[in-house]
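> Compute the structure for the input listed below.
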Amino acid sequence: MYFKLCIFLIVYFILCVTNGCLDQENPHPNVIIIITDDQGYGDLAITGNEQIKTPVIDQLAQSSIRFNNFYVSPVCAPTRSSLLTGRYSLRTGIRDTYNGGAIMASSEKTIAEMLKQVDYKTGVFGKWHLGDNYPGRPIDQGFDESLVHLSGGMGQVGDITTYFRGDSSYFDPVLWHNGHKRNYPGYCSDIFTDNAIKFIENNQDTPFFCYLSFNAPHTPLQVPDDYYQLYADVDPSLVFDKNNSSGWQMTEKDKEDARKVYAMVTNIDDNIGKVLDVLDELGIAKNTVVIFMTDNGPEQLRYVGGMRGKKGSVYRGGTRVPFFLRYPALYAGNKDIETTAAHIDILPTIAKICNVDIPKTTKIDGRNLLPLMNDQKVGWADRPLFFYWSRRYPELYNNIALQKANYKLVGHTDYNAKIEEFQLFNIKTDPQEQRNIVVENINIAKDLKNDLDKIYQELISSENILNPPRIKLGSDFENPVLLNRNDADGQRGIWDQEEVFGKWRVEIAEGYYDFKFKFIKPIDAAGRMFLETNTFVNQMRNNIRTDIIEMNNIHLPEMKCDLIPFYLVDNKRIFPFWIEVKKIK
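Reported below is the predicted structural model:
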């Protein structure tokens, strides 16, 4: 009996070490995920940038477990969908950052929805970029409280409430609180932080999940002047040139952009300090998991730790980011982990830490990181990670990569290219990805290409790619609906053009509707407004110069269709900037 008890205790101890359950005072700790937008690996002092001031994040890193080879997607919406679901973005329906490809399927289960199983309070503050309409909004995907801007960035065409503000869009913005417009005084990063803090204070006595998703330092590069003045006399090329493996040189615009980015990051650093101080003041820091990361590499040319590439690139400069996890109740911190990890690992890791079941109805691509955090590394080295980026859909063998163990295969070539036309890097001995070793390692390259082909074929055949999500019109959950350019599909690269073909994928409830079409600038008179929905085509003459046309009391049956609007004048088809659709009965 004594022997059996000893065996049981030994097995229990091993399982606890592997799964990270030792000394956890609360089975459902609070979780805060902080993610910034277009902040590269090199935009922190702790990652080697001698010019930037980030004392709070640096100290957070010192007290955290640091994953030094952590990877994300090369651009933002794919990273965010993978972070929240534990799945490659293509599985979720996310295939682009606009072009109608940044709407996540409502069937996806987010970290917020997962944690709601055990009664967490959930809030998101900042950038969402996974759908602006029902059923793809944060409040439709598990978040109790949501304060966000629209589309991929404030001041972008999809964010109709800030676009026309231009160079002041980050100040005193109109944001969306739980699906409703509201004016907020101040600077965007400060606003998102202050409201996240209110959420934390209001929910300090219950487990909470706070997703603080800064839109900075994404363009437009706007920052309060007192922060800019910290860098007004800095020459960012000095630190860049010391670590430059690209052969590029920073222009004067690059330098000025870097100064503004550094200022925006220092502002974020101060705001993160406010959050951490509140945790201490409330006495909940020990029982709160805090994660800091960024969503991809830098958009502009600047210091990125000597790595090759930037945002949009599958080289490490576009995909490797800082990742720090602090959880004082379970881990002392100040620990480095060199094993490769990725955005897809966050959901299963949070599930294990918070003692909640992961979603059972979907395939989870990521892995629970707790074994690595507890020095259990068996089976991790051979895991393949897939990267790609191109507009609309992945382009076979163009800006596409597969990384496995120390090797990384990169395709910047044709769909029918020979293996010798690929690039192969040993990222352990060549972290800057400068020496292509494909010719002398053909068999390794072929094996990686076979893995890449399998993952590629599987992902592009995903249900949510073959049958993309639709925006619902006439729902009780959102009426009226604002259709914006970020979610408009049609002509490749549709943005703020006037003469461009565009459409929205919608699901319409039967009823009578009022339509309001807003154009970028006034349209000429003596034209016709057309609205096509499947076989139902409604048209109307217009005799005045105006930037808004209304078509009211249109009856539409229940259907799934492409909603295609355009104004026809002088043989030109002008696409609306946005549409308001209101069901009236």
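> residues touching the spatially most central residue of the chain, list them.
Centroid check for the chain by C-alpha atoms, centre = their mean gives residue 80 as the closest residue, at 2.9 Å. Each residue near residue 80 by C-beta atoms under 8 Å, 6 or more residues apart in numbering is listed here: 35, 127, 128, 129, 130, 213, 295. Just so you know, the C-beta spots here come from the backbone N, C-alpha and C atoms, and that holds for glycine as well.
> any idea how far residue 107 is from it?
Distance, residue 80 to residue 107, by C-beta to C-beta, to the nearest Å: 17 Å.
> which residues does residue 584 contact?
Residue 584 makes contact with 511, 512, 513, 514, 552, 553, according to C-beta under 8 Å, 6+ apart.
> swap the cut-off to 7 Å and go again
512, 513, 514 (C-beta atoms under 7 Å, 6 or more residues apart in numbering).
> Would you mind giving these as JSON lines with secondary structure, pLDDT and distance to residue 479 added?
JSON lines is the format used below for these (DSSP: H, G, I helix; E, B strand; the rest coil; pLDDT from 0 to 100; distance: C-beta to C-beta, whole Å):
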{"residue": "512", "secondary structure": "strand", "pLDDT": "98", "distance to residue 479": "12"}
{"residue": "513", "secondary structure": "strand", "pLDDT": "98", "distance to residue 479": "10"}
{"residue": "514", "secondary structure": "strand", "pLDDT": "98", "distance to residue 479": "11"}
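> Dump those residues into TSV; add distance to residue 504 as well.
Putting those into TSV (distance: C-beta to C-beta, whole Å) gives the following:
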residue	distance to residue 504
512	19
513	14
514	16
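> Filter those residues down to the buried ones.
In those, burial by neighbour count holds for residue 513, counting by 16 or more other C-beta atoms under 10 Å.
> just curious, which of the contacts of residue 584 is nearest to residue 183?
residue 514 (25.2 Å; C-beta to C-beta).
> Contact partners for that closest one?
550, 552, 553, 582, 584.
> Quick check: of the residues you listed, which has the highest neighbour count?
Highest neighbour count within these, by other C-beta atoms under 10 Å: residue 582, with 16 neighbours.
> in terms of contact, does that residue touch residue 511 like I think?
No: judged on C-beta atoms under 7 Å, residue 582 makes no contact with residue 511 at a distance of 10.2 Å.
> With distance to residue 278, secondary structure and pLDDT added, can I get the contacts of residue 514 in JSON lines?
JSON lines is the format used below for those (distance: C-beta to C-beta, whole Å; DSSP: H, G, I helix; E, B strand; the rest coil; pLDDT from 0 to 100):
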{"residue": "550", "distance to residue 278": "47", "secondary structure": "strand", "pLDDT": "98"}
{"residue": "552", "distance to residue 278": "49", "secondary structure": "strand", "pLDDT": "98"}
{"residue": "553", "distance to residue 278": "51", "secondary structure": "strand", "pLDDT": "98"}
{"residue": "582", "distance to residue 278": "41", "secondary structure": "strand", "pLDDT": "98"}
{"residue": "584", "distance to residue 278": "45", "secondary structure": "coil", "pLDDT": "98"}
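> Dump those to JSON lines, plus distance to residue 244.
Formatted as JSON lines, these follow (distance: C-beta to C-beta, whole Å):
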{"residue": "550", "distance to residue 244": "55"}
{"residue": "552", "distance to residue 244": "60"}
{"residue": "553", "distance to residue 244": "63"}
{"residue": "582", "distance to residue 244": "54"}
{"residue": "584", "distance to residue 244": "60"}
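> out of the contacts of residue 80, who's nearest residue 469?
Residue 469 lies nearest to residue 130 out of the contacts of residue 80, by C-beta to C-beta, at 9.8 Å.
> just so I have it, where are all the helices in the stretch 301-450 of the chain?
For the stretch 301-450 of the chain, applying DSSP state H, counting those that start in this stretch gives helices covering 316-319, 346-353, 370-373, 442-460.
> Would you mind finding the most buried of those?
Stretch with highest mean neighbour count among the helices of the stretch 301-450 of the chain: helix 316-319 (a mean of 28; mean count of other C-beta atoms under 10 Å).
> which of the contacts of residue 584 lies closest to residue 364?
Proximity of these to residue 364 (C-beta to C-beta) peaks at residue 513, which lies at 39.6 Å.
> Quick check: that closest one touching residue 581?
Yes: with contacts counted by C-beta under 7 Å, residue 513 reaches residue 581, the gap being 6.0 Å.
> check which helix or strand covers residue 281.
Following DSSP states H and E, one finds residue 281 within helix 252-282.
> tell me the mean pLDDT over that helix?
Average pLDDT, helix 252-282: 98.
> Now do it: which elements does it pack against?
Packing partners of helix 252-282 (3 or more C-beta pairs under 7 Å, 6 or more residues apart in numbering; DSSP states H and E): strand 30-36, helix 55-62, helix 188-202, helix 225-228.
> Assign a three-state SS to the residue nearest to the centre of the chain, would you?
Classification of residue 80 using DSSP: H, G, I helix; E, B strand; the rest coil returns helix.
> Could you do residue 73 as well?
Here residue 73 is coil, with the state taken from three-state DSSP.
> What sits closest to it if chain neighbours are left out?
Spatially, and ignoring its direct neighbours in sequence, residue 73 is nearest to residue 79 (4.4 Å; C-beta to C-beta, 6 or more residues apart in numbering).
> and the one you found, how many neighbours does it have?
The tally of other residues near residue 79 (other C-beta under 10 Å) stands at 27.
> Just confirm it contacts residue 295, I think it does.
Yes: counting by C-beta under 7 Å, residue 79 does reach residue 295; the two are 4.4 Å apart.
> any shared contact partners between the two?
Both residue 79 and residue 295 are contacted by residue 72, under the criterion C-beta under 7 Å, 6+ apart.
> Report the spatially closest residue to residue 172, excluding sequence-adjacent ones.
Leaving out its chain neighbours, the residue that sits closest to residue 172 by C-beta to C-beta, 6+ apart is residue 185, at 5.4 Å.
> And residue 575, how far from residue 515?
Noted for residue 575: a distance of 14 Å to residue 515, by C-beta to C-beta.
> ah, wrong one, I meant residue 556
Here the criterion is C-beta to C-beta. By it, residue 556 lies 10 Å from residue 515.
> before we move on, the earlier item: and the residue nearest to residue 73, what does it touch?
Residue 79 sits in contact with 72, 73, 295, 296, 343, where contact means C-beta under 7 Å, 6+ apart.
> Let me see the domain layout of the protein.
Domain assignment for the chain by automatic domain parsing gives 25-373, 384-465, 471-583.
> which one of the ones you listed has the most crowded surroundings?
Ranked by mean neighbours (mean count of other C-beta under 10 Å), the domains of the chain are led by domain 25-373, with a mean of 21.
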